[in-house]
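S.K.: sequence isn't available, so here's the structure alone:
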């Protein structure tokens, strides 16, 4: 009996944002449970009252209570409007990472999670985090739709091929927590799991020291930028008339069709792999596509380099 009472309804909560998700979950559980219980009680009452042989009157009545109908309808609507507002607050809160969030790139691939930190450190099916540090995951898929879920953080997000999705959280409790793919993605879907390691500052520093080495994502992206010939077009000295990339990140870009888009990660991704999708105004459609020539990790490194061109001079990528 004691073991049953100790069984947790949800995994341990280990993120600063998890409490508001739990509040919403328990509110929905309470409302749905109350409605279910009410229907059961009324059904049971009618079964007993109007059982065969009971003296209860079965005469059809024409009585109606407008006040009762308005009351229960209004109360139900009010409850679900409150839940809707709460869900909206949760959504917008979890869709707006703080400015100091550390960006980590995640690529889903049948059947593993490939993680790359801005400083160049790579992990497979593991994610090491510093306790108390907000983290933003920028994610895409190499093949099919996946879903990156950390139940202890109350967070999950679809990981879609050809698109960037994101989620953020602030880990608050040191420990080891499950990573799951919760979108069926093929034969070994159940094996697409991993671990998040939330570490105290001293332990995290030791992990960093043990895994030192390698180029940052921006440096690796610059190497690809030059090796693939991008610098031959997108530089002030280039003979080819192509847009300059210095400072372009998050700036508005006018397109040849008269629309204006923001140069975010998705725009840069599509410009690399689908060059003819959005042509900048004043430029010809002459850029070759790199679809099938670059992996998603390499595209992310290229984007990290382009983003570094918008950072103040002397800052560390």
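M.R.: Looks like it arrived, so ask away. Keep in mind that what you see is a predicted model, and the values were worked out from it rather than measured.
S.K.: next SSE after the helix or strand containing residue 222?
M.R.: Using DSSP states H and E, residue 222 maps to helix 217-227. Next helix or strand after helix 217-227 toward the C-terminus (DSSP H and E): strand 252-254.
S.K.: in that next one, what counts as buried?
M.R.: residue 253 (16 or more other CB atoms under 10 Å). All C-beta atoms are positioned from the backbone trio N, CA, C, and that covers glycine.
S.K.: got it, and stretch 207-217?
M.R.: 216, 217.
S.K.: what's the end-to-end length of that stretch?
M.R.: With CA to CA, to the nearest Å as the measure, stretch 207-217 spans 19 Å from end to end.
S.K.: who's in contact with that stretch?
M.R.: For stretch 207-217, contacts defined as CB atoms under 8 Å, 6 or more residues apart in numbering pick out 105, 116-122, 128, 197, 199, 223, 300-301, 304-305, 317.
S.K.: swap in stretch 230-240?
M.R.: So stretch 230-240 is contacted by 224, 225, 242, 243, 244, 245, 286, 287, 302 (CB under 8 Å, 6+ apart).
S.K.: out of those residues, which is nearest to residue 180?
M.R.: residue 302 (29.6 Å; CB to CB).
S.K.: hang on, isn't that closest one packed against residue 293?
M.R.: No. With contact defined as CB atoms under 8 Å, residue 302 does not count as touching residue 293 (11.7 Å).
S.K.: look at residue 207 and report its pLDDT.
M.R.: Looking at residue 207, its pLDDT is 87.
S.K.: correction: residue 146
M.R.: 95.
S.K.: who's in contact with it?
M.R.: So residue 146 contacts 108, 158, 159, 181, 183, 185, 192 (CB under 8 Å, 6+ apart).
S.K.: name the nearest residue to it, ignoring sequence neighbours.
M.R.: In this structure, residue 146 finds its nearest non-sequential neighbour in residue 108, 3.6 Å apart by CB to CB, 6 or more residues apart in numbering.
S.K.: quick check: phi and psi at that neighbour.
M.R.: phi -90, psi 140 (degrees, to the nearest 10).
S.K.: now swap in the one 5 residues further on and tell me
M.R.: Backbone dihedrals for residue 113, given as degrees, to the nearest 10, come out at phi -110, psi 120.
S.K.: ok, it - how many residues close by?
M.R.: 23 (other CB atoms under 10 Å).
S.K.: list the residue ranges of the stretch 201-317 of the chain that fall below the pLDDT cut-off.
M.R.: Low-confidence segments of the stretch 201-317 of the chain (pLDDT under 70): 211-213, 312-317.
S.K.: with the stretch 51-200 of the chain instead?
M.R.: In the stretch 51-200 of the chain (pLDDT under 70), the answer is 61-62.
S.K.: need the helices for it, in chain order.
M.R.: 66-94 (DSSP state H, counting those that start in this stretch).
S.K.: what's the domain layout of this protein?
M.R.: 7-42+69-213, 217-308 (automatic domain parsing).
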